[in-house]
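>>> Here's a sequence, model it:
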Amino acid sequence: MSDVKKKPTFSSHLWMIYILSIILLGLIWYFEWKLGIVMTILLAVSFYYSIRTEQTLINETEKYISTLSHRIKKVGEEALLEMPIGILLFSEEYKIEWANPYMNRFAADDTLVGNSLNTLAEDLIAHIKENKDEYWFELEGYRFQAVIKKDERLLYLFDRTAQTEIENLYQNEQTVLAIIYLDNYEEITQNMDDTTKSQLNSKVTSVLNNWSHAYGFYLKRTSQDRFLAVGTKEILKKLEDSKFDILDEVRELNADQAQKNPVTLSIGIGVGNMPLPTLGETAQSGLDLALGRGGDQVAIKDETGKVRFYGGKTNPMEKRTRVRARVISHALKELIKESDNVIIMGHKAPDMDAFGAAIGILNIAKSNDVDGHIVYDPDDVNTGIQRLMRAIKQEEAIWQHFVEPEEAEDILTSRSLIVVVDTHKPAMVSNERLLQKAEFKVVIDHHRRGEDFIENPTLVYMEPYASSTAELVTELLEYQPKKLKLKMLEATALLAGIIVDTKSFTLRTGSRTFDAASYLRSKGADTVLVQRLMKEDLDVYIKRSKLIERAEIYRESIAISKAKKGERYGQILIAQAADTLLTMSGVNASFVICEREDDKIGISARSLGDVNVQIIMEKMNGGGHLTNAATQIEDTTIDDAEAFLKDILEEYFEGRESS
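Numbering: from 1, shown residues only. Coordinates of the predicted model:
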């Protein structure tokens, strides 16, 4: 505002009025001078009054503008200094040049000036350099959102503590549904009298009710072997912190029978922002996953499909009844009869179990008068399978049903039935494109179920208690039509699969394993031929011995062998080395780490049962059984793989020691 006083000014319409008035006054003076004198005086008074009024208005306007400008300046200063928003200016070296009083209250010496921005948050400078627009961090119990103006070297800091607390409250109060299932209730109670069964029911219900009261969730028994639980995400977090110790508590019930068949729980939990019906379906899907992995564990599944597992410390118990085998066999027969053909495939680099199971399914297809084909890649087999294939090529009736992966795609029709044996992971099958094209799929496997599973299978037969897939297929064969007799070579291939996976009936064997072996022997399985198929070359034996020689003992009872850099081994040899290490005195678990021929790092893991190698390998994107697991890792070195394994082992043992 200028200090020079301005002259009075009139608006244009007032000037026009005065000009017209003067012209009119002149006419009056001309015709009547006396009246002109009066009118002149009146016009002068009016003119003087207008000037005074206009000047007063101008002065008042100038005063108002001056006052308003001062107020705006004062408000701006107060907003900058008093507003509850942090404002920081920083230098090119990312040091604080100025901070408003709101932020200085977080300074140790009453001012933040001169300090690095990283005194607020460790990686704040890194985010500014990356041209990020905002960054969230915590400072002395407050949650801040930093709006970054890099060009102006300016930060606005908004306190979002209350907002974060509300968001956390919303997340913590999200509904969680759980379905709790007694895995082997029917198996345990079928020979109990009513009194003993009632006592067991009372024990289980009491333990679970005490558990629900301790953590504050709702629990309702819906059937003899099933419970429904409703809680919140906050309660679920507490349960995860406890590692679901309820599994161990329930397993200790019925102690007099615990050694032969303990009571175990499987729990499927659905969590996430989804409608209640979908949440229930997610919980049921989690339960199916837990049961597919052998039970005695918890599977937590969220809306993204990710799954977290707890438990799984015990081996799956063998089911004494064959009802499920008979039902599956009948369902498989109906599917085969309705198909144009049956295409059978196992996993890549098939072992005796996968190959023997495939031959068994081929026999089932032929027994139902449907053409069957086994997918066979001659470039992806080991020495034992090559010996078996030489014997098969002499049996034209069997050999004619083998096709290479590309040929299998040519014979696929809209009504073809794909049967996958000894794996349930799409990435591991011989030809993944067949799965994508086929409408009808069957999965037969004895491994514990993992997150990666073949989509939309028509029929699934997964029994982790079984020694091998060959054992499962042998039981299915017993309920098929007897039109076609099982050939000696077919029975031998199935028996070889059982013998290889059980390490000659020393691991994971139950009464049904021996029943299956007995059935195959009665059908002409040749044990001498099995031994010939399993013979190994001298150079393979020497290579395996070198691996075993490099073994070191870790944590007193864990044998870890790491091959030399540049030495490549096949997966079968790696597995054999792990098996051999497990036979050594004082070794409870073994891990063999090698560079594979496909440039991946392979790890085979074995255990006597005290260490759950399945959980350990799953954390390395692998899988398997409690006592038998493996993984393949890409884009890493053998040293990094060893360090990664040891980190996971430390985490595993620390979790066990703290539980």
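
>>> Distance check, the spatially most central residue of the chain against residue 232.
In the chain, the residue lying closest to the centroid (CA atoms, centre = their mean) is residue 306, at 3.1 Å. With distances taken as CB to CB, to the nearest Å, residue 306 is found 19 Å from residue 232. All C-beta spots, glycine's among them, are computed from the backbone N, C-alpha and C.

>>> Same question for residue 561.
In terms of CB to CB, residue 561 sits 47 Å off from residue 232.

>>> repeat for residue 50
On the measure of CB to CB, residue 50 and residue 232 end up 79 Å apart.

>>> again with residue 359
52 Å.

>>> Check the secondary structure at residue 220 for me.
Using DSSP: H, G, I helix; E, B strand; the rest coil, the secondary structure recorded for residue 220 is strand.

>>> Next up, the contacts around the closest residue to it other than its chain neighbours.
Nearest residue to residue 220, sequence neighbours excluded (CB to CB, 6 or more residues apart in numbering): residue 228, at 5.1 Å. For residue 228, the contact set (CB atoms under 8 Å, 6 or more residues apart in numbering) comprises 177, 178, 179, 180, 219, 220, 222.

>>> and which of those residues is nearest to residue 509?
residue 180 (30.5 Å; CB to CB).

>>> give me phi/psi at that closest one?
phi -110, psi 130 (degrees, to the nearest 10).

>>> Confirm for me that it is in contact with residue 230.
No. Contact status for residue 180 versus residue 230: not in contact, 11.5 Å apart, counting by CB atoms under 8 Å.

>>> So the two - more neighbours on which side?
Taking neighbours as other CB atoms under 10 Å, residue 180 and residue 230 compare with residue 180 leading, 26 against 16.

>>> Residue 52: how many residues sit nearby?
Neighbour number of residue 52 under other CB under 10 Å is 10.

>>> I should have written residue 645 there, sorry.
Count around residue 645 with other CB under 10 Å applied: 24.

>>> and if you look at residue 305?
With other CB under 10 Å as criterion, residue 305 counts 10.

>>> How about residue 42?
Counted with other CB under 10 Å, residue 42 comes out at 12.

>>> Then residue 427?
Neighbours around residue 427, by other CB under 10 Å: 9.

>>> which residue packs closest to it, ignoring adjacent ones?
Nearest to residue 427 is residue 452, by CB to CB, 6+ apart, at 6.8 Å.

>>> Equivalent analysis for residue 355, please.
That would be residue 385: by CB to CB, 6+ apart, it lies 5.8 Å from residue 355.

>>> Which residues does the helix or strand where that neighbour lies contact?
Per DSSP states H and E, residue 385 falls inside helix 383-393. Counting by CB under 8 Å, 6+ apart, helix 383-393 makes contact with 350-352, 355, 376, 378, 381, 398-399, 402, 489, 493, 496, 500, 529, 532-537, 540, 572, all of which sit outside it.

>>> How about stretch 86-101?
80-83, 85, 102-103, 107, 111-118, 125, 128, 144, 153-159.

>>> Kindly export that stretch (C-alpha atoms) in CSV.
Output of stretch 86-101 as CSV, limited to C-alpha atoms (Å, rounded to 0.1, in the frame of the first residue of the first chain):
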residue,chain,number,x,y,z
GLY,A,86,5.4,-30.7,11.0
ILE,A,87,7.3,-28.5,8.5
LEU,A,88,11.0,-29.0,7.7
LEU,A,89,13.4,-27.4,5.3
PHE,A,90,16.5,-29.3,4.5
SER,A,91,19.8,-28.6,2.7
GLU,A,92,21.3,-30.3,-0.3
GLU,A,93,23.3,-32.5,2.2
TYR,A,94,19.9,-33.6,3.7
LYS,A,95,20.5,-31.7,6.9
ILE,A,96,17.6,-29.9,8.6
GLU,A,97,17.9,-26.1,8.0
TRP,A,98,14.7,-25.1,9.7
ALA,A,99,11.9,-26.8,11.6
ASN,A,100,8.6,-25.4,13.0
PRO,A,101,8.1,-25.6,16.8
